[in-house]
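> okay, structure incoming, though there's no sequence with it:
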DNA sequence: CGAAGGGTTGAGGTAGATCAACAAGGGTGG
DNA sequence: CCACCCTTGTTGATCTACCTCAACCCTTCG
């Protein structure tokens, strides 16, 4: 893990590869100039590295530039719940805006690059660029609605339905961002332990549930990742109706 | 359920009783004047009434002035998951900001009064009152962190721990808002069915779990509500460390 | 080469689901 | 007034989805 400020490694916002993706909205030149100045550096972490720790104060906000990560919480005895995954374009660290004290931890799932913003300067954003302030609220509201769906899933869906939902969800997200590919096909880079901790299941039962999905030809399990073969079929099992998201904002 | 615009029923923001509560931050005169003009009316609903429906578009945002309600989602076959409860000071309807299409439903738990705001005018808020825009983001981020905690609870806590957490959580929230009182003591106005649908448990098991908590002297179950006798004890069972929230914003 | 992380599978146990029956209150219609 | 229904809460009996325990395999890595 290293904090890199040198121009050599730094991606200019003007040339940000994320902006070219269909899912994101266009920026005005003025907005772009501000975001560019707002960005104070880049953080490169390797797979498994800890990016934020619950209880610690963070002076920064981050946007994922490339790679995967996840947010989680743990109980005292070590039980872990993964709350959501972070992919390119996602903002992390907004949760504790007021005092900056994190209520969850964040870990890298693959090598990951984050754009770093100073929390101190966020007020400049709201006062000078109302459209970006609006976007920020929208981003938080979107995360909220994802968490709503996860809550429904864990609370009311069976193990098979839950797993199907989660994989369809992750597939959809990965597909619309840059997509993490391995040998040309889209692979979700997680272990069964991660899935278990997201689904609220034991690892053994998770394994058996995945086997059922694999036997039905819906997914293929690889070394340390999952290939989704039929996301529509998965969504159908879960009774989930994915909402397509064109034109979403990001910072 | 009735839409009331007459001056007779309307609470002026300047005299809003919520502002007097300790938990909320002070407004400047300018902010107050704007919010006051932003408020377009009041909505009065009776217990059990439907306030928002998943899939429908809503032209409004609401702030709870008095009473209780809850947000929920249902699966096709009727399984219901309650996502969170809404209490005085809470904002509802932010989730679908972009297109206004609701991804969850809202129902009144008691008689409830909501301040109505036009979604159309929200951009005025961001452009003219950055501090309020900031607040809006903060409110969304706060809801997010509550959902995180719920997710941890449903995913990883046992039935007893879950129930203990939820009741401690609701007690804390009710206590810091105006608090719904019945014969002088604070009572959480829900049925066991609501609890079951929040905890992701069956109603029978919820009943047996509540009995355990009641037998330990932590709560008392009333006609159609719950009285919390020892919120610290509940939080301890759940392994939950409540974060006190002085000075939170609201619109 | 051993150790550690990831995945797999079977056997047996248990938390919580489902089914069923009943009690108590409230509301409604006759 | 009673007779009826509906909602809410309660409790016991039985069932099952998922958990825990316990092997074992394979690959990677120091």
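That came in fine, so what should we check first? Please read all numbers here as calculations on a predicted model, not as lab measurements.

> burial count for the closest residue to DNA strand D within chain A?
Per Cβ to the nearest atom of the strand, the residue of chain A with the smallest distance to DNA strand D is residue A:205, at 2.9 Å. Where you see a C-beta, it was placed from the backbone N, CA and C, and this is true even at glycine. Residues contacting residue A:205 under the criterion other Cβ atoms under 10 Å in any protein chain shown number 13.

> same check on residue A:36?
Neighbours of residue A:36 under the rule other Cβ under 10 Å: 13.

> quick one: it is in a helix?
Yes. The assignment for residue A:36 (DSSP: H, G, I helix; E, B strand; the rest coil) places it in a helix.

> report the contact partners of it.
Contacts for residue A:36 (Cβ atoms under 8 Å, 6 or more residues apart in numbering or on different chains) come out as A:12-14.

> whichever of those end up buried, select them in PyMOL.
Applying 16 or more other Cβ atoms under 10 Å in any protein chain shown to the contacts of residue A:36 leaves a buried subset, and the PyMOL line that selects it is:
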select buried, chain A and resi 13
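
> so which strand or helix has residue A:123?
helix A:122-128 (DSSP states H and E).

> buried stuff in that helix?
For helix A:122-128, a neighbour-count test (16+ other Cβ under 10 Å) marks A:122, A:125-126 as buried.

> lowest-confidence one in the residues you listed?
The member of those with the lowest pLDDT is residue A:122, at 92.

> ok, that residue touching residue A:61?
Yes. Proximity of residue A:122 to residue A:61 meets the contact threshold set by Cβ atoms under 8 Å, at 7.1 Å.

> I'd like to know how far whichever residue of the stretch 1-150 of chain A sits closest to DNA strand C sits from residue A:74.
Nearest to DNA strand C, among the residues of the stretch 1-150 of chain A, is residue A:48, at 7.7 Å (Cβ to the nearest atom of the strand). To residue A:74, residue A:48 is 16 Å away according to Cβ to Cβ, to the nearest Å.

> these two: which is more packed in?
When neighbours are counted by other Cβ under 10 Å, residue A:48 and residue A:74 differ, and residue A:74 comes out ahead with 15 against 11.

> contacting residues around the closest residue to the more buried one other than its chain neighbours?
What sits nearest to residue A:74 in space, not counting adjacent residues and going by Cβ to Cβ, 6 or more residues apart in numbering or on different chains, is residue A:80, at 4.7 Å. Contact analysis of residue A:80 by Cβ under 8 Å, 6+ apart lists A:72-74, A:197, B:156.

> so what's residue A:19 up against?
Residues near residue A:19 by Cβ under 8 Å, 6+ apart: A:26-27.

> for it, give me phi and psi.
Main-chain dihedrals, residue A:19, degrees, to the nearest 10: phi -60, psi -20.

> and for the one 4 residues further on?
Taking degrees, to the nearest 10, you get phi -70, psi -20 for the backbone angles of residue A:23.

> confidence score at it?
Taking residue A:23 on its own, its pLDDT is 86.

> re the thing from before, tell me the one among the contacts of residue A:36 nearest to residue A:90.
Relative to residue A:90, the closest of those is residue A:13; by Cβ to Cβ it sits at 16.2 Å.

> so the closest one makes contact with residue A:39?
Yes. Contact criterion Cβ under 8 Å: residue A:13 and residue A:39 qualify, at 6.1 Å.

> need the residues that contact stretch A:147-162.
Contacts to stretch A:147-162, defined as Cβ under 8 Å, 6+ apart, come from residues A:83-84, A:165-166, A:169, A:199-201, A:205-206, A:209, A:212-213, A:237-240, B:71, B:73, B:75, B:79-81, B:83, B:95, B:103-104, B:144, B:147-148, B:150-151, B:154-155, B:197-200.

> can you map out the helices along chain A?
Secondary structure of chain A by DSSP state H: the helices cover A:29-38, A:122-128, A:130-156, A:159-176, A:192-199, A:203-215, A:231-238.

> show me what the last one is packed against.
To tie it back to what came earlier, the one meant is helix A:231-238. Here helix A:231-238 touches helix A:159-176, going by 3 or more Cβ pairs under 8 Å, 6 or more residues apart in numbering or on different chains; DSSP states H and E.
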